[in-house]
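Trainee: Please work out how this folds:
(2 chains)
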Amino acid sequence: MRLAPEVTTLPRVPLADNVVPRSEIVLSGVPTGTEVEGGTLEAAVAVDGGFLVFLTEGVPEEERLSIYLVDGSGSLLDRADIGQWYTAAAFSDLEIDGPRSLRFRFLGDGHWRLRLLEHSGLRLPLLPEAPCVSRPFGFTRRFVLSTDSARP
Amino acid sequence: MANYQTPGTLCQMYSGRYVSGVCQLPVRPGPSGPAKLEAALDALRAEVVNAGAHLALDAETRKAYIRLTAEMSAELKQAAQSGRMSWEAAANEAQVVRNAIMEQMRARTTPVGRALAEQMKAEGKSLTELVADKTAKLFGKGRQFDSLSAAERDSVFAEIVASAGRGRPSVNASVRVMSRAGRGLLIFSLAVSVYTIATAKDKVDAAKHEGAVTLAGIGGGIAGGAAAGLVCGPGAPVCVTIGAFVGGAMAALGVDYFHLW
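Mentor: Numbering: from 1, shown residues only, chains lettered A, B, ... in the order given. As a prediction, this is how the structure comes out:
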């Protein structure tokens, strides 16, 4: 894993009162055609065969972090969101702390950890792996999120 | 074992027969098949109205939140533009009021909504954090607020004021769906009640029964969720949802069992 400055985004739908902002992922200056939710690129990390892209919506008083895993051509492989209504949050302190894991701060007073799986893992739809995490309906995942900042 | 000669109060209350110091309660027939089915259908309908009320109440609270924050932001923007207060003071005020409104709205949501809003410890952002965040977003991560010109600083403060009047769009979109779903469930429940009353022999009795089941569903759900929140602690949405579900069903079954109408 390493930080990936070659990943940028192009705004496609700007943030408005009732409009979720959308951006297109750009790899090494080439637009990929992959449009994702989120208006502010917070960070991008290169992983084996792809990239992890972190985007926020742009409302810090009630922020949501969207994490996308894309392959080398920008195709979407997995997605997870972190956010809690009526709660402020900010992305910071991204640290790569292993070949397949990284941690960062976002919601709550502790750290979030992202662990990249070698192969697709099974998950139960509608049952979040950690508080405040949501994913699109599905049965597989390529990375796992956990946090040490949940309430006891 | 004590061999009492006279039946106790409970035994008398339930018309028990006192034989050899033991109270034998009369055998009562349980609810018949149709009565059981009716009670089960009442519980189901109470759950429908319970879910509908939860969704509709949280959606209304969200609408109030959006309205209040937008009004607050617009007022402060106008005050700063007219020179009645500085942009810095407006940003500071916006932040304080926004955090207060968020606290107030969390308290106004249903127990399930509150549990969802309290999964993580909730701390409003300080003005310093927001200034750093907006400076990076407006002028790039390399720029420090201290290095900005007066006009640039005002633009940072103006952005904080504008941002304080915005709800997260993805939540707003979800709440619109919740609002429609909640109203749909309530209308469906109301329609079933109207049909039940219209086809009943004793319409007054049926209307009382429908009203009692509806109120029990909503009240039981809210009370069950709140009780589960007390038991499980804050920020336990699964536990609170189960509590709300069980509370609604128990209240509806209680209405039939104790004939509370």
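Trainee: Now do the same contact list for the closest residue to residue B:35 other than its chain neighbours.
Mentor: Nearest residue to residue B:35 in three dimensions, chain neighbours excluded: residue B:256, at 8.0 Å (C-beta to C-beta, 6 or more residues apart in numbering or on different chains). Backbone N, C-alpha and C define where each C-beta goes, glycine included. Each residue near residue B:256 by C-beta atoms under 8 Å, 6 or more residues apart in numbering or on different chains is listed here: B:35, B:38-39, B:42, B:213.
Trainee: Is it possible to mark the buried ones in those residues?
Mentor: B:39, B:42, B:213 (16 or more other C-beta atoms under 10 Å in any protein chain shown).
Trainee: helices and strands around the helix or strand encompassing the first one, which ones?
Mentor: Secondary structure assigned from DSSP states H and E places residue B:39 in helix B:33-81. For helix B:33-81, the helices and strands in contact under the criterion 3 or more C-beta pairs under 8 Å, 6 or more residues apart in numbering or on different chains; DSSP states H and E are helix B:87-108, helix B:111-117, helix B:150-164, helix B:169-198, helix B:203-232, helix B:237-257.
Trainee: mind running it again at 7 Å?
Mentor: Helix B:33-81 is packed against helix B:87-108, helix B:150-164, helix B:169-198, helix B:203-232, helix B:237-257, with contacts defined by 3 or more C-beta pairs under 7 Å, 6 or more residues apart in numbering or on different chains; DSSP states H and E.
Trainee: Return the distance of the last one from the chain's centre.
Mentor: In other words, helix B:237-257. Distance, stretch centre to chain centre, for helix B:237-257: 14 Å (C-alpha atoms, centre = their mean, to the nearest Å).
Trainee: try the third one
Mentor: Remark: helix B:169-198 is offset 15 Å from the chain centroid, using C-alpha atoms, centre = their mean.
Trainee: who does it touch, helix- and strand-wise?
Mentor: helix B:33-81, helix B:203-232.
Trainee: and the ones you listed as CSV, adding mean pLDDT?
Mentor: As requested, these are exported to CSV (pLDDT from 0 to 100):
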stretch, mean pLDDT
helix B:33-81, 89
helix B:203-232, 90
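Trainee: I'd like these as a markdown table, with distance to residue B:125 appended.
Mentor: Formatted as a markdown table, the helices and strands packed on helix B:169-198 follow (distance: least, C-beta to C-beta, whole Å):
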| stretch | distance to residue B:125 |
| --- | --- |
| helix B:33-81 | 14 |
| helix B:203-232 | 26 |
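Trainee: ok, longest strand in chain A?
Mentor: The residue-count maximum for a strand in chain A (DSSP state E) belongs to strand A:112-122.
Trainee: do it and chain B meet?
Mentor: No. Using C-beta under 7 Å from any C-beta of the partner chain, strand A:112-122 never reaches chain B; the gap is at least 10.4 Å.
Trainee: Counting by contacts, list what the following helix or strand past that strand packs against.
Mentor: Using DSSP H and E, the helix or strand that directly follows strand A:112-122 along the chain is strand A:133-134. Counting contacts by 3+ C-beta pairs under 7 Å, 6+ apart, strand A:133-134 is packed against strand A:76-83.
Trainee: helices or strands up against the strand it packs on?
Mentor: In terms of contacts (3+ C-beta pairs under 7 Å, 6+ apart), strand A:76-83 is packed against strand A:64-71, strand A:133-134, strand A:140-147.
Trainee: would you list the ones you listed in JSON lines and tack on distance to residue B:113 and mean neighbour count?
Mentor: Supplementary listing: the helices and strands packed on strand A:76-83 in JSON lines, determined by distance: least, C-beta to C-beta, whole Å; neighbours: other C-beta atoms under 10 Å in any protein chain shown:
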{"stretch": "strand A:64-71", "distance to residue B:113": "17", "mean neighbour count": "23"}
{"stretch": "strand A:133-134", "distance to residue B:113": "15", "mean neighbour count": "18"}
{"stretch": "strand A:140-147", "distance to residue B:113": "21", "mean neighbour count": "18"}
